[in-house]
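Engineer: Task: produce atomic coordinates for the following.
(chains A and B)
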Amino acid sequence: DAKTTQPPSMDCAEGRAANLPCNHSTISGNEYVYWYRQIHSQGPQYIIHGLKNNETNEMASLIITEDRKSSTLILPHATLRDTAVYYCIVRVAGGYNQGGKLIFGQGTELSVKP
Amino acid sequence: DGGITQSPKYLFRKEGQNVTLSCEQNLNHDAMYWYRQDPGQGLRLIYYSQIVNDFQKGDIAEGYSVSREKKESFPLTVTSAQKNPTAFYLCASSIVRTTIGGELFFGEGSRLTVL
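Structural biologist: Okay, the predicted model is just below:
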């Protein structure tokens, strides 16, 4: 699985968009980009994933560059409840017996401030 | 509501004792996983199971054991052989798909402290 690089921490004002970057320069053509977040002392929560097209759901948008070497998770209107550690993960499709292991790094600690 | 239930939420044990953490899911997911998280660190995979009566070691399986006798249950035993058992333990489950990787659904975690 490709490694990802994320800034260790970021601040965002409440109500503003939070843009969380992720570099994955060694990503392979069959690897997806996944985002999870973990609120303190809770289990991680799935946010979104994509392959090469931009994706949007009720939680966030995922923008993947054309060369797929980086991506940005966008929380359009951040709230105090979005304060969490955000993990960017790349993996192949399929279960673990197809190499699809999720590797969680240290993520980005996002602090949303009033 | 469907979800994953871990128990206990907090657990204390003395050195040399084995302890079993419970994980139950009613999502009808085939695959289940155990992760360990240390302070300020990401998650590390301990064991995983994609089908009943079968499981595989993850990256840090030493000192741990699991069983998968029922689809909905995947208990983890932390044995006395685990040198640094104090940690936050997370259980997860997913649908096993052959094309798109299924997202993981996590429980709320169990915090184990060895005194």
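Engineer: SS state for the residue nearest in space to the middle of chain A?
Structural biologist: By Cα atoms, centre = their mean, chain A has its centre lying nearest to A:Trp35, at 3.1 Å. What DSSP: H, G, I helix; E, B strand; the rest coil gives for A:Trp35 is strand.
Engineer: residue ranges with poor pLDDT in chain B?
Structural biologist: B:1, B:97-102 (pLDDT under 70).
Engineer: Quick check, the residue in it closest to chain A?
Structural biologist: At 3.1 Å from chain A, B:Phe106 is the closest residue in chain B, using Cβ to the nearest Cβ. Placement of C-beta: from N, CA and C, glycine included.
Engineer: Check A:Gln98 and give its pLDDT.
Structural biologist: Looking at A:Gln98, its pLDDT stands at 55.
Engineer: Strands of chain A, start to end?
Structural biologist: Under the criterion DSSP state E, strands of chain A are mapped to A:9-13, A:18-23, A:31-38, A:45-50, A:55-56, A:61-64, A:70-75, A:84-92, A:108-113.
Engineer: Could you list the residues in contact with the longest one?
Structural biologist: Read it as strand A:84-92. Residues from elsewhere that reach strand A:84-92, judged by Cβ atoms under 8 Å, 6 or more residues apart in numbering or on different chains: A:1-2, A:4, A:6, A:20, A:22, A:24, A:27-28, A:30-40, A:44, A:47, A:71, A:73, A:98-110, B:42, B:101.
Engineer: how does it look with 7 Å?
Structural biologist: For strand A:84-92, the surrounding residues in contact (Cβ atoms under 7 Å, 6 or more residues apart in numbering or on different chains) are A:1-2, A:4, A:6, A:20, A:22, A:24, A:27, A:30-39, A:44, A:71, A:73, A:98-105, A:107-110, B:42, B:101.
Engineer: thinking again about what came up before, give the contact list for the closest residue to the residue nearest to the centre of chain A other than its chain neighbours.
Structural biologist: Spatially, and ignoring its direct neighbours in sequence, A:Trp35 is nearest to A:Ile47 (4.3 Å; Cβ to Cβ, 6 or more residues apart in numbering or on different chains). By Cβ under 7 Å, 6+ apart, A:Ile47 lies in contact with A:Trp35, A:Tyr36, A:Arg37, A:Met59, A:Ala60, A:Leu73.
Engineer: any idea which of those residues is the one closest to chain B?
Structural biologist: Lowest distance from chain B to those (Cβ to the nearest Cβ) belongs to A:Tyr36, with 7.7 Å.
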